[in-house]
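**Student:** A predicted structure for the sequence below; I have some questions about it.
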Amino acid sequence: MAKEKKLVESITSMSEDFAQWYTDVVLRAELVDYSGVKGCMIIRPDGYAIWENIQKELDARFKATGVENVYMPMLIPESLLQKEKDHVEGFAPEVAWVTQGGLETLQERLCIRPTSETLFCDFFSKIVQSYRDLPKVYNQWCSVMRWEKTTRPFLRSAEFLWQEGHTIHATAEEAIARTKQMLNVYADFCEEVLAIPVIKGQKTDKEKFAGAEATYTIEALMHDGKALQSGTSHYFGDGFAKAFDIQYSDKDNKLQYVHETSWGLSTRIIGAIIMVHGDDSGLVLPPRIAPTQVMVIPIQQRKEGVLEKAAELEAVLKAAGIRVKTDDTDKSPGWKFSEQEMRGIPLRVEIGPKDIEQNQAVIVRRDTREKTVVSLDEIAEKTKEILETMQADMLARAKAHVEENTYEAATYEEFKDIAANKPGFIKMMWCGDLECELKIKEDAGVTSRCMPFEQKIISDVCPVCGKPAKKMVYWGKAY
RNA sequence: CGGGGUGUGGCUCAGUUUGGCUAGAGCACCUGGUUUGGGACCAGGGGGUCGCAGGUUCGAAUCCUGUCACCCCGACCA
């Protein structure tokens, strides 16, 4: 009893201190560890395996739309970074510089990429001559570095892993279509694989990417009611093309500038998985992304035949395409249960002498702890079935959470009241002026998350200033 | 960049206020044995230049100066 109490204490409860709960979970589930350099996290095997699955899923979806992978250098000459004014201004405060090469001081300092628009642009300007060379639809998987003031594992690290797609097109229409297409790829991926529902929309000018003409975003709602920007897709128009001189000859032999996009999704999404699905016992991974979907836990494993049966069971599940492991360590069953729960492994299959006698096993779901006794003859089918049900249930629960925590405000008073008392999204109309956006942040402490594609007219005027409303906006506190 | 906090075996910490015997505890780890359906137990064992650098002192984990790092909360950003 006393021991169980200690276990509960080892992960701070969400309601007590959500930030501490998050930190406890990432450490206890062994996803990351801290390194000697602030903001640079060590991604441990269980954390990295999640990222590998994200890569595998996304990369396949990218390639289905014609994306080709490349790799760009990690270092950017300062002169190159300087070429696009808004871009450099946006990133300058958080760039790390290399000033020394061996024993020599460099003539020109080199920036460690915070993002690679400039490198791609420089490269595109070299390889594009004709309309026949277009489009170029490139992506790279890499790490980038941003010198963040405050850091948290996955959510905001100084170095983080991501993919950045960079594309150039002959026309604005084609580029815009690509921008939206990739946003949809992200949104579908989040819902189908990560069981995270997202709001798709456009960022306000204030929140858009440095140098972009338009920034699109998917916004997810965490368990504590704060929003997390989970993926972005930018349309650059021909701004970068002009700064970097990326031109092509069209069919009429006239010089034209290309239209450009970029889009990215980072290890930050792992933070979203944790904060959308986790509970007080630890991590809960959606089955489709879980590196290990099933943990077989033998009971009384020293008894004759138990370990053999467990191994047999593992083999059967593996043959059915399920990602399965067996915990045959010397720990007690209770320990193994807690461990499996902390690590968020979707299902465990308990098998002991009593089960073997009756040719059965017990399947326990991580999210609901629901137990199902299953005959060993149909264990593979049942396991698959429960994994699928669990995946669907997790998405449904997350959707319900978003709905329950999304509010509408028709007046500014109402808005401020909700912002002060209820965590979550608030929908309110907006005139489009920066002043109102700033005032809202000042008064209510929330920022615009996005102008959703799915618009709804709540009121005719902006509740802040009374001018005609242009857009319905999602507001909220963000990570 | 502001505010707060912490650096002592692998981890969590006690000891620091008021300097003083050989620097402790729990967990983890190793060996042997008994156990196993919600974090088992017994016995034995290994592991520390107390973040780092100076200083004060007969004597420093403890006092002084400097320095480094990390964590949390804000402001800014994926």
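**Tutor:** Looks like it came in fine. Just so you know, these numbers come straight off a predicted model, no measurement behind them. Numbers count the residues shown, from 1 in each chain, chains lettered A, B, ... in the order given.
**Student:** hey, let's count contacts and neighbours off CA atoms from now on
**Tutor:** Fine.
**Student:** Quick check: closest non-adjacent residue to residue A:69.
**Tutor:** Nearest residue to residue A:69 in three dimensions, chain neighbours excluded: residue A:139, at 4.8 Å (C-alpha to C-alpha, 6 or more residues apart in numbering).
**Student:** who does the host helix or strand of that neighbour pair up with?
**Tutor:** Residue A:139 is part of strand A:136-145, with elements assigned from DSSP states H and E. Sheet partners assigned to strand A:136-145 using DSSP bridges are listed as strand A:68-69 (parallel), strand A:159-169 (antiparallel).
**Student:** Packing partners of whatever helix or strand residue A:216 lives in?
**Tutor:** In the assignment (DSSP H and E), residue A:216 maps to strand A:214-221. Applying 3 or more C-alpha pairs under 8 Å, 6 or more residues apart in numbering; DSSP states H and E, one finds that strand A:214-221 contacts helix A:172-192, strand A:199-202, strand A:227-237, strand A:447-452.
**Student:** Need phi/psi at residue A:96.
**Tutor:** phi -100, psi 140 (degrees, to the nearest 10).
**Student:** Same question for residue A:456.
**Tutor:** Taking degrees, to the nearest 10 as the convention, residue A:456 sits at phi -150, psi 140.
**Student:** How much space separates the residue lying closest to it once chain neighbours are set aside from residue A:314?
**Tutor:** Once flanking residues are discounted, residue A:456 sits nearest to residue A:472: 6.4 Å by C-alpha to C-alpha, 6+ apart. With distances taken as C-alpha to C-alpha, to the nearest Å, residue A:472 is found 52 Å from residue A:314.
**Student:** next one: residue A:254
**Tutor:** Taken as C-alpha to C-alpha, the span from residue A:254 to residue A:314 is 65 Å.
**Student:** More neighbours: which of those two?
**Tutor:** The neighbour comparison of residue A:254 against residue A:314 (other C-alpha atoms under 10 Å) goes to residue A:314, with 22 against 10.
**Student:** OK, contacts around the more buried one?
**Tutor:** A:296, A:324, A:325, A:326 (C-alpha atoms under 8 Å, 6 or more residues apart in numbering).
**Student:** Kindly report the same for residue A:349.
**Tutor:** Residue A:349 neighbours (C-alpha under 8 Å, 6+ apart): A:294, A:295, A:296, A:297, A:361, A:362, A:363, A:364.
**Student:** If we use 10 Å, what do you get?
**Tutor:** The neighbourhood of residue A:349, defined by C-alpha atoms under 10 Å, 6 or more residues apart in numbering, consists of A:294-298, A:310, A:313-314, A:324, A:326, A:361-365, A:371-374, A:379, A:383.
**Student:** out of these, which touch RNA strand B?
**Tutor:** Checking those against RNA strand B by C-alpha under 7 Å from any atom of the strand, the ones in range are A:361, A:362.
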